[in-house]
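>>> Can you look at this prediction? I've put the sequence above it.
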Amino acid sequence: MRWCAGAAPGQVWHPGSVSEDLRVRPAEADESAPLAELYGRSRAAARMPPGVHTAEEDRAWFAARLRDGEHELWVAERDGPLLGYAMATRTWLDHLFVDPQAQGRGVGGVLLDTVKGVRPGGFCLWVFEVNAPAREFYRRRGLVELERTDGSGNEEHAPDVRMAWPGLDPMAFYRGLIDEVDDSLGELLSRRVALTRAVQAVKPSTDRDHAREREIAERLAGIAPELGADRLLRIVQTLITESLEVAGEDGSR
Ligand SMILES: O=C(O)C(=O)C[C@]1(C(=O)O)C=C[C@@H](O)C=C1
C-alpha cells in the first residue's frame with residue numbers, strides 16, 4: 001500500500017492552552033529553504049553530533065522529501081518565521097525540530113501531538129543516545145525505548161536509541177514489530193539449518209561438539225548481552241538439536 005503525501009483536511013492542530021496563536025499546518029512544496037535553515041540551526045544547538053551535509057545538500061534533501069510521496073511534513077508558526085517542524089513517513093517520525101529561540105514554549109509538544117493524531121497506529125523514531133533532553137521529552141510523552149545501536153548504521157556513526165509511541169492499540173503495534181523481526185529471524189533460521197546440515201557431511205564424527213556450542217553461545221552473548229551466555233547456550237543447543245534432526249531426516253530420504 002502506498003501512502004499519500006499531504007495532510008488530509010482537518011489535520012491542522014487547533015490552538016489550545018499551550019499557546020493561543022501557535023498554528024500547525026502541512027508544509028508547502030516550496031518551503032525546502034526555510035526548513036533546511038531551521039533544521040541546521042536547531043540541530044547545531046541540540047545535543048547531537050555535527051551534521052555531515054552542507055546547507056545546500058540539506059535544501060536539496062528537504063526538496064526531495066517534500067515531493068517524494070512518502071514523507072509528510074508539518075510546520076509550526078506564530079505569525080512569522082517557522083518555529084518548528086515534524087516530518088514523518090507512515091511508520092517513522094524522521095524529524096522533530098524546534099527553533100532554539102522558541103524552545104520551552106510547547107512547540108515540540110504540539111508538533112508531536114499532531115503526529116500522534118495522524119498516526120494513531122503508532123510510530124518509531126531514532127534519537128541519538130547523547131541527546132538526553134530529547135529522550136526525556138519523548139519519554140515524558142509516552143514513548144518507550146525499544147533498542148540501542150552502536151551507531152555503525154547511521155551517517156554520524158553515533159550510538160542511537162529506537163523509541164516508539166505504541167499508538168492507540170499498543171498490543172497490535174508491538175505484535176506488528178514482532179512479526180517484522182520474526183520474518184528476519186525465520187530467514188536466519190533457515191540459513192543456519194542449511195549450514196548445520198552442510199557441515200555434517202565434512203565432519204569426521206557425528207558427535208556433538210559441546211565446546212563449540214559453548215563458544216557460539218559466548219559469541220552471541222557479546223551481541224545480545226541481556227540474554228547471557230547460559231541462556232543463549234540453551235537456545236543454541238535447542239536450535240542445533242532441531243537442525244540435526246532436520247539434517248538427519250533429509251539424509252534418510
Ligand atoms: O561445528 C560443528 O561441528 C557442527 O556440527 C555444527 C554445529 C552447529 O550447527 O553450529 C552443530 C553441531 C555441533 O555440536 C556444533 C556445531
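Everything's here; your move.
>>> So which residues of the stretch 51-200 of the chain form strands?
72-77, 82-88, 93-98, 123-128, 144-148, 160-165 (DSSP state E, counting those that start in this stretch).
>>> ok, residues contacting the first one?
The set of residues external to strand 72-77 that reach it, using C-beta atoms under 8 Å, 6 or more residues apart in numbering, is 5-7, 11, 13, 22-27, 31, 35, 65-66, 82-89, 98, 107, 110-111, 114-115, 118. For every residue, glycine as well, the C-beta is placed using N, CA and C.
>>> ok, for the residue of the stretch 51-200 of the chain found nearest the ligand, nearest residue in space, not its chain neighbours?
Closest to the ligand within the stretch 51-200 of the chain is T196: 3.5 Å, counting by C-beta to the nearest ligand atom. In space, not counting the residues next to it along the chain, T196 is nearest to S243; the distance is 3.9 Å by C-beta to C-beta, 6 or more residues apart in numbering.
>>> Could you pull up the contacting residues of the one you found?
192-193, 196-197.
>>> can you list the domain ranges for this protein.
Domains of the chain are assigned by automatic domain parsing as 23-167, 174-251.
>>> Go through these and pick out the most buried.
With neighbours taken as mean count of other C-beta atoms under 10 Å, those reach their highest mean count in domain 23-167, at a mean of 17.
>>> That one: end-to-end distance?
24 Å (C-alpha to C-alpha, to the nearest Å).
>>> just stretch 59-79 next, same as before
End to end - C-alpha to C-alpha - stretch 59-79 spans 23 Å.
>>> go on, stretch 88-104?
End-to-end for stretch 88-104, by C-alpha to C-alpha: 22 Å.
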